[in-house]
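Trainee: Build me a structure from this.
(2 chains)
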Amino acid sequence: MVMGMWAVLAVAVGLAGAALLFIVLTPSGQVEPLTGSSHLLDGALVLAFLVYVLLGALIVRRRPGNRVGWIFLGSGGGLLLWVFTWQYASSGLLARPGSLAGARTAAWISEWVVAVGFGLAFTFLLQVFPDGALPSRRWRPVAWFTVVALGVWLFTWATVPEPLGSFPQVDNPAGIAAVGRLDPGLGWVLFVLAVIASAASLIIRYRRSVGVERRQIRWFAYAAVLPAVALVAVSIGSEGWRPAEVAAEVLFPVAVAAVPAAAFVAIFKHDLYDLDLVVSKSITIGVLVALITGVYVAVVAGVGAAVGAAGELSLGLAVLATAVVAVVFQPVRARVQHLANRLVYGPQATPYQVLAEFSQRMGSTLAAGDALPQLAQFVADGTGATETEVWLVVGGELHRAAAWPPQPGRQSVALRGDGSPLLTGPSHTVEVRHHGELLGAVALHMPPGRSLTPTERRLLADVAAQAGLVLSNVRLVEEVKESRQRLVAAQDEERRRLERDLHDGVQQRLVTLALVLKTAATRVGRDPPEQVAATVDDAACEITATLAELRRLSRGIHPAIVTEGGLVAALEALAERAPLPVEARIQHTGRLPAPIEITVYYLVAEGLTNAAKHAGATLATVEIDRLDGSLVVTVADDGVGGALASPGSGLAGLADRVAALGGSLHIDSPAGDGTRLRAEIPCASP
Amino acid sequence: MLIVDDHRGFRAWARAFLEAEGYRVVGEAADGAEAISAVRHLRPEVVLLDVHLPDLDGFEVARRLAAEPGPAAVVLISSRELVDFGQRVSEAGVHGFITKVELSGETLHALVGGGA
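Mentor: Reported below is the predicted structural model:
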């Protein structure tokens, strides 16, 4: 199809070039201009019709299924053929009679092919713009009426058995006598009615449209009114009413130019058909081709004339021209590309630049402090937003993790699970997900009256897709950082608790012991010996209690029984000492790495302590199993439930301990229905 | 003398020891509120006041006792050392500070007089 399209374009350019050549070469005064006003306007029309074809080719290439492209192509082709055949016939019949073969046939073709050009452009194009389909099924009769109207117009003008309207010296070679009995204006009237109906359909489509589509249609709807008014003016003007004739002369060329111009606005300002990249490249290539040609011509003609070799292509000049082009090509290409991008995308960076730079930068950064502000800035650069924010999901809340321009403070909003929008303030919000999990959002504030174009929306979606990995990394890093902080805090808390225990327990007992012994000393020789002996006995009791207290403390610092006797013995001892009945089902695991054994010991100790102290449980169960390379530890009780791993709590510390071993701790503690701690710790089989 | 400490064992042995050293112990209190109430009723000349109490700390109790009419001489005691409290002891307006292991008739006498 690409080759076919190039062939179509070549034919169109050839027709336009030939038509322009005839216009230039025909001596003025010999032939009336086609438009009736000036040859210059004729030339301008040729260029406008060429634009129809180019626009059609661009749209067909991008959206082959959309009828709009084909209609532009067919209409532009018909109109170019009309101008060419008319100019050819004028030249061959009027300017230089007999000089051109087939001039009569050309005259006949120009008589009816105009119906194809204007017929398509001013009816079907208005009916199916911009999506290529009628506004609704109810417009089908209008489409069929248009088919009939254009058919009648084309057929009657092609077969009317009279001299041709534009070339009265030529009798219609395809004249059919029966057609002569029809009203000669019938086809034209039906066509004008079809144009009015088509313009009405577009205006109704515009009134029903919303958002981007409405902006895309707006200018086209304005332009659609022009052909309808112009054709009515042409019809009235042809009856001899001079003001209408003048109005038609002005309005008609304006209508011809307005239709593709409005399509241009929809395509480039409002991103219809995603032609931005194609057009940016086309502009660049077009300008470069013109530049190379210009340089070549300038060097060959200019320098050639100076050295007296005009018209001859010497090898030296060719090399010189090539060298000049080679030197200026790269800097000029960059500059032209930049200008073309600016023309298509405005002052902001192109989406492709933004995405490319984003991927490059994000690949080399992991720290939240760098990645998220950069993400916010990239989005602002790519969309022209006045303000952008990156939000991160942290524990059921959205935290504003970065903003562009930078803003102080760390705002948070609750995350609702009802599917309502994440944020209500910004004009646009796009969710960031990784493997389906919501990790955060990117929010934009656009300038007043400006919304995102489809290209910018796509850019935002692409950035959000890539940001999933970034946010996932950032969150992991943050989690590790927070876990480390919690471990350090837990360690500090543990030291404080130990100091308190030493102070309140052992130290108090030793102080009391000192008092008892001092009292005994004062009683020696003063009180009866049995009283002194009783006081010394009290001192011995105090020492025994102090030792028990020290043993309890040292178990808390490090359970020696785990390292000495192994995990199973340690857990059995825990169960025996527990202040409530404990059912233990412990699989004999053999010795495990010390960090795992200690963690399991603390987990069971904490679970049993909580069951007795806080949950009011009457029974606890402890289970240790091996499952698929993991050690599974379960501590359950029949207490009041409601246990939470709140920050700084023993359970939170245990969760961190288990996580540090690569495992996970699940706490299931519904109110009134007991508590179940289940830890899975990776543990290769011995 | 009034002995204020949250450890019953310490209060009992301190009482026995100080009585043996010639002091008359008129009462005991286990926390700050009880101490203030006991001072109002018993009017002791000396209050042996532990820094760590379950409700108010010893410094706060000392501040409130200083506002009472005809204030008693307050001696702070603790199982920690003086340096652990920085400037707080010197700013508390008390008669002195003794670590619990140094408690004796002699050290008390040096601060508030009395004893055997």
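
Trainee: For residue 68, list the residues it contacts.
Mentor: Unless you meant another one, I'm taking chain A. A:59, A:125, A:128-132, A:263 (Cβ atoms under 8 Å, 6 or more residues apart in numbering or on different chains). C-beta: built from backbone N, CA, C; applies to glycine.

Trainee: Correction: the question concerned chain B.
Mentor: B:36, B:39-40.

Trainee: most neighbours, which of those residues?
Mentor: B:Val39 (23 neighbours; other Cβ atoms under 10 Å in any protein chain shown).

Trainee: Is it correct that that one is in contact with B:Met1?
Mentor: No. Judged on Cβ atoms under 8 Å, B:Val39 makes no contact with B:Met1 at a distance of 11.3 Å.

Trainee: list the residues that contact both of the two?
Mentor: Residues touching both B:Val39 and B:Met1 (Cβ under 8 Å, 6+ apart): B:Val47.

Trainee: What's the local residue count around the residue of the stretch 151-300 of chain A found nearest chain B?
Mentor: The nearest approach of the stretch 151-300 of chain A to chain B comes at A:Gly211, 67.7 Å away (Cβ to the nearest Cβ). As a burial measure, A:Gly211 scores 8 neighbours (other Cβ under 10 Å).

Trainee: Over to the one 3 residues further on?
Mentor: Residues near A:Arg214, counting by other Cβ under 10 Å, number 15.

Trainee: go on, A:Leu513?
Mentor: Residues lying near A:Leu513 (other Cβ under 10 Å) number 21.

Trainee: now the residue of the stretch 151-300 of chain A closest to chain B: how far from A:Val170?
Mentor: In this view, A:Gly211 and A:Val170 are 53 Å apart by Cβ to Cβ, to the nearest Å.

Trainee: Number of residues surrounding residue 103?
Mentor: You didn't pick a chain, so chain A it is. 22.

Trainee: let's do chain B instead
Mentor: 22.

Trainee: Same check on A:Arg496?
Mentor: A:Arg496 has 10 neighbouring residues, counting by other Cβ under 10 Å.

Trainee: Phi, psi for it please.
Mentor: phi -60, psi -40 (degrees, to the nearest 10).

Trainee: The one 3 residues further on too?
Mentor: With angles defined as degrees, to the nearest 10, A:Glu499 sits at phi -60, psi -40.

Trainee: Let's see the pLDDT reported for it.
Mentor: Per-residue pLDDT puts A:Glu499 at 86.

Trainee: who are the neighbours in contact with it?
Mentor: Applying Cβ under 8 Å, 6+ apart, no residues qualify as near A:Glu499.

Trainee: Would you mind listing what in the stretch 451-600 of chain A touches chain B?
Mentor: Residues of the stretch 451-600 of chain A found near chain B (Cβ under 8 Å from any Cβ of the partner chain) are A:503, A:507-512, A:514-516, A:518-519, A:522-523, A:542.

Trainee: mind redoing it with 10 Å?
Mentor: Within the stretch 451-600 of chain A, the positions near chain B by Cβ under 10 Å from any Cβ of the partner chain are A:500, A:502-504, A:506-523, A:526-527, A:535, A:538-539, A:542, A:545.

Trainee: Put the buried members of these into a PyMOL selection.
Mentor: In PyMOL syntax, the buried subset of these is picked out as below (16 or more other Cβ atoms under 10 Å in any protein chain shown):
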select buried, chain A and resi 506+507+508+509+510+511+512+513+514+515+516+517+518+519+520+522+523+535+538+539+542+545
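
Trainee: which ones among the residues of the stretch 451-600 of chain A next to chain B are found in helices?
Mentor: Counting by DSSP state H, these place A:500, A:508-523, A:535, A:538-539, A:542, A:545 in helices.

Trainee: From what I see, A:Leu41 and A:Glu249 are in contact.
Mentor: Yes. If you go by Cβ atoms under 10 Å, A:Leu41 and A:Glu249 touch, sitting 9.2 Å apart.
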